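**Student:** A predicted structure for the sequence below; I have some questions about it.
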Amino acid sequence: MKLYKQLFLMCLTFGVFQVSAQQRISGKVTDEQGMEVIGASVFVENTTIGTITDIDGRYVVNVPDSLAQSNLMVSFIGYHTEKRPMTGLSEINVQLTLDNKQLEEVIVVGYSTQTRGEVTGALSTVKGKDLNSLPVAGIDQALQGRAPGVSISQVTGAPGEGVSVRIRGIGSLNSSNDPLYIVDGVPTREVLSILSPQDIEEITILKDASAAAIYGSRANNGVVLITTKKGSSDRSSITINSQVGVQMHGKLTEMTNRDQYVEMYNEAATNDNAFVSDDLFKRDLIPLDYAASQPDIDQMEAIFREAVIQNYGITASGGSEKSQYLLSVTYFDQEGIIIGSDYDRLTGRINLNTKVKPWFNTGVNLNIARSHTSSIGSSGDGAGGNGGSIVRYAYFRTPAIPIYDEEGNYMDLPEYPSFFGDGYNPVGLANYADNKKTTDRYFGKVFGVFDLSKDLTLTTNFGFDSENGLRRRFDRNWGSNDRINNPNRLLVANTNAVTWTNNNVLQLRKSLGLHSFSVLLGTEAIKSQGYFSNQTGRDFPDQDPNLTYLGNGQGTAAVSEGRYAYTLLSFFGKADYDFDGRYQLSGSFRRDGSSRFASENKWGTFYAVSGGWNLHKEAFLSDVDFLSQLKLRVGYGENGNQEIGNYAYSDQIQPNYNYPYASAPADGYSVTQLGNTQVKWESSRQYNAGIDFEVNQGTLYGAMDYFYKLTTDMLVKEPNPPSVGYSDPAWVNNGEILNQGLELMIGIRKTMADFGYNISGNAALLHNEVKRLDGFISGGAIGSGNYTTRTEVGQSIGSFYMLEMEGIFQNELDIATSAFQGNNIRPGDVKYKDQDGNNFIDENDRVHAGSPIPKVTAGLNLSVSYKNLDLTAFFQGAYGFDIYNVAFHDIEGFYRPFNLTKAYYDNRWTGEGTTNEYPRASWSGSNNNVRISTRFLRDGSYTRLKTLQLGYNFPLNITEKLRLNRLRVYVSAQNLLTITGYSGLDPEMTTSDNATGEGDMARGIDWGTYPTARSFNFGVNLSF
């Protein structure tokens, strides 16, 4: 950010406010038992003048003389708001009384709200106050570890990169496993680019079918309901949040230095030369005196930097009984910890709500955002189209090659590539990366609420979600003999997508004595359409970095463009019944029609039923005074999935394909995607049973849920036989997948006069298994036809399928008495287990060796406060999953002179009995030693201290002098500590660019992934 912007924001944050002629009013706020109420809001009616009570329940308000005849308002969550006249008074003491309706937490559910006691489905809620101070780009990152059964992990640590959100497991193979996001009643694809955590009031995650079935075809993977902050009729306020920090990398993989690398090279050459009789074919040794004259570069350290992260936001809100408003602007800027990567986002939000008539309320909610992303290769080897990972190239590059040559240009090939390798210069690749994207996003709704009678309400939402993107990527030609990006290439891509949503909900709420009813009927229509244009070119002679169009003789160019659209029409209903607050029964249905299916399969029907029993309200538990809540919940439902191509039922034909005609090729058309008119909805049936409890008015609280989710008629792209050609396979319905598990949340909290604490934890156990599938599907290719995963019956999705490393051959006798591994096996080579007992190692000896899906996910939140100080620590972890490290497969494979890990150097086989883990140094043994096997499979389990924060709330006597309601400063650290046995950079990685089209079937394969940053931050929150 420019210096003038920083100065402006700091002045905004620490501005001085003038004080006018005023009178002083003080007092104390207590509850019905006479106990002090800490943090109660005390303000002058219809103004921004006010404060909050301190730890003794006391307050002081300076009131301008012009407002001396006004009223003093006192409010606190869970209590009735009190109004007191101020005329002629200098001291006003107020006693608050409980508001039982407020104490019953209201939760946003499908198209409506319910109190916590009425909920019968499985859901989790996260309050916005728990997310506000986290230095993360999106709310999905801020949610990580805070809800049981919700697994959230970053795809990579690159700025602007997305995250993987999985609710109760993985239920689809090729189709999307992402949840549905609903923001203030409007569905959207993702929320990273439109919402800041500071804008969030509450997030509700609908996990089971009984809670989510009201959303039908889009709820197969769960639903995330997001409620944003709104204006208040009580008072006007301005809130400013300012945060700045520095990021850095965590623990790096230790690599060999120059001398160790030379030692390893010469050892491998000596080992191989021992078996070569002709001196002409022997590998030369690196002369030690020559090696000593070369540099010693830590190539991995060279690509990283200390990077700044900043987050600023200002919110103005207020209103009257008839109209409320909220305006907010936030700016987020994150430099990447790897050079060449950056992300920034500016968002604006307007929320207006007006009661036009006693029976009609209307408003608008508008979100506008613009983001800029500068990308480098963050994962994969380039097969996915985004360039190979810079981390991967840093692994490859040997330490004896300088970064710059004598002229200050990036060094490419060394003087002797056969000695020191031909890996690309990672610093040069990162700094030459010219891959930028600008995204404009417009999201929001216009709504109307009609109170047709006392009990009958009609709500109409008209929503829109528009995204315009411009991407420009230029791969310049450079390097020795112009070997890198030869010829140069330019891509200019424009995308436009807009989705329109209209839903109309009629709801009746009625109470008759002990009976309460709620009936909801609705319709929803969604239309999504888009356009894309890709201009590609090559051989640009001037390599103009500002070039944004093609043609005009600047090389060769090609243009491709297309349009798409799909529609969804839905009818839905829901009925809830409550008897005396003890028994609840709920049922819902939805009928969806999607243009993505042929006419005979267009419609799908989804439904759910659930029930709840509040045992603590029964007479036989009336004497159990300590029991505040004890509720049993059961539910069953069926949800759907339509996430396939827009025209999956039809063959797709595209132009610009060459056909042989006479003696010259002719331009023609080709079938690029096969269609299937029989493809239909994927659906999942889910059972849920749960229990909620609270003891001693919530001092001890918790919940436990068991779920069983079976996905049927899976939407899958089955591989084509070779006779079909190169067209993408058709979508078919094939297979069943089971996800079942147990979720637990428990906490304890206590608040005393000047001390309080809250300890809460959650954990989820998950079992994922393919129950039915015709044949198997291989995934996670490493090179041509070498697959690391196999999805088949009896195993999890993307199960690692490979040879099992049994150890290292120690001597010739060991080789002779073991299964035949191949020709030229020597002592020190890897020994694989003969699984089928035929005394011959081949592809039939592959076995399922592990799963990339965590068996256990967990989160732990510890918070303690003493007077004005508070300390929070949040831990998150995942356990019982594996990662295949392709980067180590490459560098420890000895198929080219790449650098090596220090772990290999320290633990390699050097003679009989030295190790049974790492093979000898040898290029000739690489054909055997780098076969896809458990040698490179690692346990990815980890525990991470995600957040550690220390905050201080300034006392009343300071904030009142500044005419502030609140002033808080804090310091925090993110990802401060990671406990793991994984030897790569980051165990949190999930998938890579190479997995494009494979999704979760190629999960957990590490090509050298951009790691998550560690950050240290300072922040200020103030309001007035």
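**Tutor:** Received, thanks.

**Student:** Could you use CA atoms for every contact and neighbour count after this?
**Tutor:** OK.

**Student:** which ones are touching the most centrally placed residue in the chain?
**Tutor:** Residue closest to the average C-alpha location in the chain (Cα atoms, centre = their mean): V163, at 2.5 Å. By Cα atoms under 8 Å, 6 or more residues apart in numbering, V163 lies in contact with 140-141, 152-156.

**Student:** got a winner among those residues for most neighbours?
**Tutor:** Across those, neighbour numbers were computed from other Cα atoms under 10 Å; V155 holds the maximum, 25 neighbours.

**Student:** Next one: that residue relative to N965, how far apart?
**Tutor:** According to Cα to Cα, to the nearest Å, V155 and N965 sit 40 Å apart.

**Student:** next one: V770
**Tutor:** Distance check for V770 against N965: by Cα to Cα, it reads 56 Å.

**Student:** Distance from the chain centre to stretch 292-304, please.
**Tutor:** Using Cα atoms, centre = their mean, to the nearest Å, the mean C-alpha position of stretch 292-304 is found 34 Å from that of the whole chain.

**Student:** before we move on, what about stretch 473-485?
**Tutor:** Centroid displacement of stretch 473-485 relative to its chain, using Cα atoms, centre = their mean, is 34 Å.

**Student:** And it, what's buried?
**Tutor:** Applying a neighbour-count criterion of 16 or more other Cα atoms under 10 Å, the buried positions in stretch 473-485 are 473-479, 484.

**Student:** Return the subset of the residues you listed lying in helices.
**Tutor:** Secondary structure defined by DSSP state H assigns none of those to helices.

**Student:** Which one of these is nearest to I49?
**Tutor:** Of all the buried residues of stretch 473-485, the one with the least separation from I49 (Cα to Cα) is R473, at 52.3 Å.

**Student:** Could you point out the bridge partners of the closest one in the sheet?
**Tutor:** In this structure, R473 has beta-bridge partners N435, L491, where bridges are defined by DSSP bridges.

**Student:** isn't it right up against L490?
**Tutor:** Yes. Under the criterion of Cα atoms under 8 Å, R473 lies in contact with L490, with a separation of 5.8 Å.

**Student:** neighbours of the nearest residue to R168 once chain neighbours are set aside, just the number please.
**Tutor:** Spatial nearest neighbour of R168, chain neighbours left out: G149 (5.2 Å); criterion: Cα to Cα, 6 or more residues apart in numbering. The tally of other residues near G149 (other Cα under 10 Å) stands at 28.

**Student:** So G149 sits against M745, correct?
**Tutor:** No. The pair G149 / M745 is not scored as a contact, 10.0 Å apart, by Cα under 8 Å.

**Student:** ok, back up a step: looking at the buried residues of stretch 473-485, which two lie furthest apart in space?
**Tutor:** With Cα to Cα as the measure, no two of the buried residues of stretch 473-485 lie farther apart than R473 and G479, at 18.6 Å.

**Student:** Could I get the contacting residues of the residue nearest to R168?
**Tutor:** Under the criterion of Cα under 8 Å, 6+ apart, the neighbours of G149 are 167-169, 207, 743, 763-765, 857.

**Student:** State the distance from it to I401.
**Tutor:** 48 Å.

**Student:** Please apply the same query to Y647.
**Tutor:** Note on Y647: its distance to I401, by Cα to Cα, is 52 Å.

**Student:** which of the two has more neighbours?
**Tutor:** Set side by side, Y647 and I401 show unequal neighbour counts under other Cα under 10 Å, the larger going to I401 at 27 against 20.

**Student:** Contacts only, for that one.
**Tutor:** Residues counted as contacts of I401 (Cα under 8 Å, 6+ apart) are 294-297, 411, 414, 420.

**Student:** go with 6 Å
**Tutor:** By Cα atoms under 6 Å, 6 or more residues apart in numbering, I401 lies in contact with nothing.

**Student:** do you know how far it is from Q299?
**Tutor:** To Q299, I401 is 9 Å away according to Cα to Cα.

**Student:** F464 belongs to a strand?
**Tutor:** Yes. With DSSP: H, G, I helix; E, B strand; the rest coil as the criterion, F464 is located in a strand.

**Student:** That one contacts N503, correct?
**Tutor:** No. Between F464 and N503 no contact is recorded; they are 11.6 Å apart, counting by Cα atoms under 6 Å.

**Student:** Show me what the stretch of helix or strand D667 belongs to is packed against.
**Tutor:** Counting by DSSP states H and E, the element that carries D667 is strand 664-673. In terms of contacts (3 or more Cα pairs under 6 Å, 6 or more residues apart in numbering; DSSP states H and E), strand 664-673 is packed against strand 652-661.

**Student:** avg pLDDT for the strand it packs on?
**Tutor:** Along strand 652-661, the predicted confidence averages to a pLDDT of 72.

**Student:** again with stretch 675-685
**Tutor:** When pLDDT is averaged over stretch 675-685, the result is 89.

**Student:** residues touching I782, list them.
**Tutor:** Taking Cα under 6 Å, 6+ apart as the criterion, I782 is in contact with no other residue.

**Student:** Kindly recompute the last result at 10 Å.
**Tutor:** Contacts of I782 were listed using Cα atoms under 10 Å, 6 or more residues apart in numbering, and they are 381, 788, 886, 889, 932, 994, 1005, 1007.

**Student:** Closest one of the residues you listed to Q324?
**Tutor:** Within those, the smallest distance to Q324 is 48.9 Å, found for N994 (Cα to Cα).

**Student:** Tell me if that closest one really is in a strand.
**Tutor:** No. Residue state for N994 (three-state DSSP) corresponds to helix; a strand is not indicated.

**Student:** number of nearby residues for it?
**Tutor:** That count, for N994 with other Cα under 10 Å as the rule, works out to 23.

**Student:** for the stretch 551-700 of the chain, which spans come out with low pLDDT?
**Tutor:** Within the stretch 551-700 of the chain, the segments meeting pLDDT under 70 span 551-557, 656, 658, 660-664.

**Student:** hmm, try it at 90
**Tutor:** When residues are selected by pLDDT under 90, those of the stretch 551-700 of the chain lie in 551-564, 581, 599, 616-629, 639-676, 681-684, 696-699.

**Student:** Now do the helices in it.
**Tutor:** Listed from the start of the chain, the stretch 551-700 of the chain has no helices (DSSP state H, counting those that start in this stretch) to report.

**Student:** Next: the stretch 851-1000 of the chain.
**Tutor:** Counting by DSSP H, counting those that start in this stretch, the helices of the stretch 851-1000 of the chain are 886-891, 902-907, 926-929, 956-959.
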